[in-house]
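[1] build me a structure from this.
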Amino acid sequence: MKPAIKKQFCFGLIYSMVSVLFFSCSGPKKSVSTTSVKKHSQIDEDKFKASFYDGIKQKILGNYDDAMGHFRRCLVINPISPAANFEVSEILSYNKRPDSALVYMNKAVNGDPGNVWYRYFYAQNLQELGRYKEVIKVYQDLIKMHPGNTDLYYKLALAQLQSEQYKEAIETYNSLEQKLGSPDEDISMSKIEIFEKIKDYAKAEEEIQKLIKHDPSTPQYYDMLGNLYELEGKPDKAFEQYQKMEELHPHDAMVHLSLANYYKTKNQDQKAFEELEKAFDEPALDIDTKIRIILGLSTFTNSDSIFSQATTLARKMVVANPTEPQAHAVYGELLLRNKDLAGARDQYRIAVREDSNKYAYWSGLLELEGQLNDMKSLESESHEAIGLFPNNAQFYYYNGFANMQLKNFDNALYAFKTGLFYVLNDSAMLGMYYTNIGDASYYTKRFSASDSAYEEALKINPNNDNVLNNYSYYLSVRDTNLTLAEKMSKKANELVPGNDSYEDTYGWILYMSGKYQDAKEWEYKAITHGGDRNATVLEHYGDILFKLGNKDSAVEYWIKAKDRGPSSDLLERKIKDKNLYQK
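    I've put the predicted structure just below:
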């Protein structure tokens with residue numbers, strides 16, 4: 001209950017002041033003797049108070065339309081009330097109606113000429129409308145009223161600059177400097193900028209020399225003077241200033257950046273790069289500047305030497321700033337572009353160690369683990385990433401993929417089925433998920449679930465050759481729905497002709513369907529397109545030859561399959577007994 005009483009008290013204060021606002025600056029008053037008019041005036045005053053109070057209340061609550069209605073009722077009662085006109089103007093300005101706002105603010109200022117606050121807002125309205133000369137007049141009048149207010153001089157100078165009254169702005173800054181009684185860096189910087197704009201280089205130099213005299217230990221001033229000399233076409237004098245900077249502050253990165261820029265303009269690229277190296281050795285040079293320079297060198301270049309320079313600077317950056325994760329990520333990207341996958345991975349590992357909450361770092365790291373075929377690291381790191389980003393479908397996919405390669409099929413299935421819920425508005429990713437759920441379900445002997453997942457993948461993309469091949473092959477292995485399997489496998493081969501794996505699948509389906517001659521033709525295609533290096537393809541061809549009565553050749557291909565590596569569990573027995581066995 002106490003907060004409500006306090007709030008009520010505050011509004012009470014506003015209410016008690018409204019009578020002053022109602023009668024202030026309302027113009028000369030005539031003597032009126034009739035009691036009826038006096039009674040009417042008191043009624044108007046009460047109405048004004050109530051409307052103004054309600055308007056302020058609604059404004060505080062953010063109900064600007066309602067507030068505007070109350071303030072307009074105030075103006076019906078007293079059209080020249082400065083306070084009511086000010087409130088209406090403020091709301092119009094908030095609603096991006098500067099022209100209308102200016103009309104009411106003008107009435108507020110005329111009604112209460114001594115109110116500095118009203119004049120501030122009046123100047124602001126004029127400034128929004130680009131009426132800078134009128135803004136200047138407002139601030140000049142305010143300075144006359146309040147000559148000790150230094151903030152007014154800054155505002156006046158800004159308005160003069162906006163009106164392109166450069167000499168007048170300089171005079172205003174000079175007056176302000178006299179008021180302050182000592183050199184002020186901000187004022188000098190503003191004056192220097194103006195002098196350079198109007199090409200009064202002598203005055204700009206004079207102002208910089210004044211700063212150097214006041215504080216000769218600040219390297220920035222020498223840099224400014226050097227830049228000015230370069231602007232004037234005096235490179236030798238500019239170089240003298242940069243040398244002074246280096247003598248005074250040999251470990252100041254900005255000094256070396258200035259020298260690098262100087263040498264660059266002189267086409268002395270090697271010296272420019274050496275200065276960049278010195279700058280990058282300094283931990284104090286902010287990481288954003290370092291990255292901006294590196295990206296400037298590396299982003300749009302086909303030059304090996306320039307890319308090498310960018311990589312060198314990135315290496316120096318991570319040495320100087322070892323705890324900056326972004327530095328390691330940038331260096332990692334450059335190493336990746338240079339095909340140093342292991343080095344890039346090391347940098348991304350540091351990046352995620354320094355900032356584990358950055359999605360981009362984890363994504364880059366996991367992508368590299370996949371490219372390096374380090375499935376154990378991919379499995380463990382993707383698991384860690386899922387703990388930090390539990391709603392990220394990509395990380396579940398990486399984890400499922402790694403577990404598939406590691407033959408942890410139950411874990412893979414869990415990852416894919418969990419991640420599936422977080423795939424949003426990405427049909428390609430959704431199709432990949434269903435494909436892998438189909439594969440993992442098959443390996444865990446969940447055949448019905450496997451078939452359903454493949455069907456969902458094909459709904460998304462009926463021409464997914466990988467799904468068509470895998471689905472049809474697993475049906476043939478189970479000797480199930482061979483007609484559908486043959487149809488899908490044929491389509492896969494039409495989509496991607498010459499693929500030995502797809503040709504082997506089609507040949508095997510034909511074999512399982514008893515079409516041995518056709519099977520031989522397709523299995524032989526698989527062998528000629530690279531399948532001669534695959535134990536399974538060679539064993540399949542031997543099985544087909546056996547069915548066609550060519551037992552000696554069948555045994556030859558089984559032996560070739562054995563030499564190529566592991567195939568079926570029955571291969572040894574087939575060779576030994578020279579007979580065909582099937583599960």
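[2] for the rest of this, base every contact and every neighbour count on C-alpha atoms.
    Fine.
[3] buried ones in the top helix by length along the chain?
    Counting residues, the longest helix in the chain under DSSP state H turns out to be helix 35-60. Across helix 35-60, burial judged by 16 or more other C-alpha atoms under 10 Å covers 44-45, 48-49, 51-59.
[4] the stretch 301-450 of the chain: strands as residue ranges?
    Counting by DSSP state E, counting those that start in this stretch, the stretch 301-450 of the chain forms no strands at all.
[5] which parts of it are helices?
    In the stretch 301-450 of the chain, the segments counted as helices under DSSP state H, counting those that start in this stretch are 304-320, 325-337, 341-354, 359-371, 375-388, 393-405, 409-419, 427-443, 447-460.
[6] ok, which of those comes nearest Ala84?
    Of all those, helix 359-371 sits nearest to Ala84, with 52.7 Å by C-alpha to C-alpha.
[7] which parts of the closest one are buried?
    For helix 359-371, using 16+ other C-alpha under 10 Å, the buried residues are 361-366, 368-370.
[8] show me the shaky parts of the stretch 1-150 of the chain.
    Low-confidence segments of the stretch 1-150 of the chain, defined by pLDDT under 70: 1-40.
[9] quick one: Thr150 and Glu177 touch, right?
    No - using C-alpha atoms under 8 Å, Thr150 is not in contact with Glu177, being 9.5 Å away.
[10] tell me which helix or strand Lys278 sits in.
    Assigned by DSSP states H and E, Lys278 falls within helix 269-280.
[11] next: Ala260.
    helix 253-265.
[12] report the backbone C-alpha coordinates of that helix in PDB.
    What follows is helix 253-265, C-alpha atoms only, in PDB (Å, rounded to 0.1, in the frame of the first residue of the first chain):
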ATOM      1  CA  ALA A 253      51.000   0.600 -31.700                       C
ATOM      2  CA  MET A 254      49.400   3.700 -33.200                       C
ATOM      3  CA  VAL A 255      52.800   5.100 -34.000                       C
ATOM      4  CA  HIS A 256      53.700   2.000 -36.100                       C
ATOM      5  CA  LEU A 257      50.300   2.100 -37.800                       C
ATOM      6  CA  SER A 258      51.000   5.700 -38.800                       C
ATOM      7  CA  LEU A 259      54.400   4.800 -40.100                       C
ATOM      8  CA  ALA A 260      52.900   1.800 -42.000                       C
ATOM      9  CA  ASN A 261      50.400   4.100 -43.700                       C
ATOM     10  CA  TYR A 262      53.200   6.500 -44.600                       C
ATOM     11  CA  TYR A 263      55.400   3.800 -46.100                       C
ATOM     12  CA  LYS A 264      52.300   2.500 -48.000                       C
ATOM     13  CA  THR A 265      51.700   5.900 -49.600                       C
END
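[13] so which elements touch that helix?
    Contact analysis of helix 253-265 by 3 or more C-alpha pairs under 8 Å, 6 or more residues apart in numbering; DSSP states H and E lists helix 219-231, helix 235-248, helix 269-280 as its packing neighbours.
[14] now do the buried residues in the second one.
    Same thing as helix 235-248. Result for helix 235-248 [16+ other C-alpha under 10 Å]: buried residues 235, 238-239, 241-243, 245-246.
[15] how near is the residue positioned nearest the centre of the chain to Arg349?
    Note on the chain: the residue nearest the mean C-alpha position is Ala360, at 10.1 Å, using C-alpha atoms, centre = their mean. For Ala360, the distance to Arg349 equals 12 Å [C-alpha to C-alpha, to the nearest Å].
[16] also Gly530?
    38 Å.
[17] out of those two, which sits in the more crowded spot?
    Under the criterion of other C-alpha atoms under 10 Å, the comparison of Gly530 against Arg349 puts Arg349 first, with 23 against 14.
[18] what's the pLDDT at the nearest residue to the more buried one once chain neighbours are set aside?
    Sequence neighbours aside, Leu365 is the residue nearest to Arg349 in space, at 6.6 Å (criterion: C-alpha to C-alpha, 6 or more residues apart in numbering). Looking at Leu365, its pLDDT reads 97.
[19] take the buried residues of helix 359-371 and lay them out in TSV including distance to Leu468.
    Listed next are these as TSV, based on distance: C-alpha to C-alpha, whole Å:
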residue	distance to Leu468
Tyr361	35
Trp362	33
Ser363	30
Gly364	31
Leu365	32
Leu366	28
Leu368	29
Glu369	28
Gly370	25
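[20] for the chain, which residues score under the pLDDT cut-off?
    Ranges of the chain meeting pLDDT under 70: 1-40, 300.
[21] again, 80 this time
    1-43, 182-183, 299-302, 566-568, 583 (pLDDT under 80).
[22] from the chain's centroid, how far away is whichever strand or helix holds Glu207?
    Take DSSP H and E as the rule and Glu207 turns out to sit in helix 201-214. Counting by C-alpha atoms, centre = their mean, to the nearest Å, helix 201-214 is centred 41 Å from the centre of its parent chain.
[23] can I get the buried residues of helix 35-60 in CSV including distance to Lys520?
    Shown next, in CSV, are the buried residues of helix 35-60 (distance: C-alpha to C-alpha, whole Å):
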residue, distance to Lys520
Asp44, 106
Glu45, 106
Phe48, 101
Lys49, 101
Ser51, 96
Phe52, 96
Tyr53, 96
Asp54, 93
Gly55, 91
Ile56, 91
Lys57, 90
Gln58, 87
Lys59, 86
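[24] burial of Gly343, as a residue count?
    Gly343: 17 surrounding residues under other C-alpha under 10 Å.
[25] which residue packs closest to it, ignoring adjacent ones?
    Leu335 is the one closest to Gly343 (C-alpha to C-alpha, 6+ apart), at 6.4 Å.
[26] so who does that neighbour touch?
    Contacts for Leu335 (C-alpha atoms under 8 Å, 6 or more residues apart in numbering) come out as 311, 341, 343-344.
[27] go again using 7 Å as the cut-off
    Counting by C-alpha atoms under 7 Å, 6 or more residues apart in numbering, Leu335 touches 341, 343-344.
[28] out of the residues you listed, which comes closest to Asp184?
    Ala344 (48.7 Å).
[29] distance of that closest one from Asp465?
    Counting by C-alpha to C-alpha - Ala344 and Asp465 are separated by 33 Å.
[30] which of the two has more neighbours?
    Ala344 (24 against 20).
[31] Arg73 sits in which helix or strand?
    Judged by DSSP H and E, Arg73 forms part of helix 64-77.
[32] now that helix - C-alpha only, CSV.
    Extracted C-alpha coordinates of helix 64-77, given in CSV (Å, rounded to 0.1, in the frame of the first residue of the first chain):
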residue,chain,number,x,y,z
TYR,A,64,0.4,9.6,-25.5
ASP,A,65,-2.9,9.7,-27.5
ASP,A,66,-4.9,10.0,-24.3
ALA,A,67,-2.5,12.6,-22.9
MET,A,68,-2.8,14.6,-26.1
GLY,A,69,-6.6,14.7,-25.7
HIS,A,70,-6.3,16.1,-22.1
PHE,A,71,-3.7,18.8,-23.1
ARG,A,72,-5.8,19.9,-26.0
ARG,A,73,-8.8,20.3,-23.6
CYS,A,74,-6.5,22.5,-21.6
LEU,A,75,-5.8,24.7,-24.6
VAL,A,76,-9.5,25.1,-25.3
ILE,A,77,-9.7,26.6,-21.8
